[in-house]
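Visitor: No sequence on hand, only this structure:
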């Protein structure tokens, strides 16, 4: 990664080409968007807001123009439309990180953006769950045409209706996670070119704060004990909060591994378990992230390791 970061920092042209190229790649491979945002974030963090804004504007312009020319590639057109919003938002978030020097604060701003997406859906749409259900209804005939056998269509329909209730929050959570990952990549690259190892230390000490943990906990109550549209909206907001606290839970895992011998195999195992236990592993990481703000597990790790 240090070689990639060094190449990006070699000059303005290299940075723009990398941001645009990775953004176009995102039309085919979604991680390209994360890396493209990482380039914009890196330029902003190292060379300042003006250079970062120039990089975001130039890369976005190139992506939109090329995706418009490539009319035979719908994926490329999607990339152009997506990056039109993605890179400017990444630049704004990188500006927050540049000014505050606080990764936790930047992640909280991302959480607010994710929450705003959920609230906007409930303001603009009469019934977001019904809107999502109307979109997923189209899946059944498509699956039948593809030869997919559905033993119980009634159960399938019920599952789609239930999933539609949290689709708004799921989408907002994925967007929030994507923004956060782009910023984490940018901060990692910045560390590689300025002070190697600084990002690892910073991430292992990540804490979003007790106030944010209280807000996330309070969202559980109406989502659990009430019903109707308000419960549904708070459940969707809770998904966004848990997505960001999951990053703190993972940071806690990194801190534990570092404290107890720095065996990278444990980190690999942690991520493998998370992948194979989705969504429960992610939920556990998020809950640990919330609790860490009150119980300070890192201090307990240090006491045990003595």
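Guide: On my side now, so go ahead. From a predicted model like this one, the values you see are computed outputs, not experimental measurements.

Visitor: Can you pull out the low-pLDDT segments for the stretch 51-200 of the chain?
Guide: 68-84 (pLDDT under 70).

Visitor: where along the stretch 51-200 of the chain do the helices fall?
Guide: 74-100, 103-124, 128-136, 139-145, 153-164, 167-194, 198-204 (DSSP state H, counting those that start in this stretch).

Visitor: Double-check residue 196 against residue 6; I have them as touching.
Guide: No. Using C-beta atoms under 8 Å, residue 196 is not in contact with residue 6, being 11.5 Å away. All C-beta spots, glycine's among them, are computed from the backbone N, C-alpha and C.

Visitor: Tell me which of those two has more neighbours.
Guide: residue 6 (13 against 10; other C-beta atoms under 10 Å).

Visitor: element containing that one?
Guide: Using DSSP states H and E, residue 6 falls within helix 2-8.

Visitor: For the residue most central in space within the chain, which residues are in contact?
Guide: Central residue of the chain (C-alpha atoms, centre = their mean): residue 177, 1.0 Å from the mean position. Contact analysis of residue 177 by C-beta atoms under 8 Å, 6 or more residues apart in numbering lists 243, 244, 246, 247.

Visitor: at 6 Å what do you get?
Guide: residue 243 (C-beta atoms under 6 Å, 6 or more residues apart in numbering).

Visitor: Using the record's domain definitions, break the protein down for me.
Guide: The chain breaks down by automatic domain parsing into domains covering 1-101, 102-306.

Visitor: ranking those by burial, who's on top?
Guide: Most buried of the domains of the chain, by mean neighbour count (mean count of other C-beta atoms under 10 Å): domain 1-101, with a mean of 19.

Visitor: Kindly check the end-to-end length of that one for me.
Guide: 22 Å (C-alpha to C-alpha, to the nearest Å).

Visitor: The helix or strand harbouring residue 50 - contacts with which helices or strands?
Guide: For residue 50, the host element (DSSP H and E) is helix 49-69. Helix 49-69 sits against helix 12-25, helix 31-47, helix 74-100, with contacts defined as 3 or more C-beta pairs under 6 Å, 6 or more residues apart in numbering; DSSP states H and E.

Visitor: quick one, it and helix 31-47 angle?
Guide: 160 degrees (axes from the mean of the first three to the mean of the last three C-alpha atoms, to 10 degrees).

Visitor: what angle separates helix 49-69 from helix 167-194?
Guide: 120 degrees.

Visitor: Check the offset of helix 49-69 from the chain's centre.
Guide: Between the centre of helix 49-69 and the centre of its chain there are 21 Å (C-alpha atoms, centre = their mean, to the nearest Å).

Visitor: Give the closest residue to residue 215 in space, chain neighbours not counted.
Guide: residue 241 (6.9 Å; C-beta to C-beta, 6 or more residues apart in numbering).

Visitor: what's the following helix or strand after the helix or strand hosting the one you found?
Guide: Using DSSP H and E, residue 241 sits within helix 229-259. Next in sequence after helix 229-259, counting helices and strands by DSSP H and E, comes helix 264-276.
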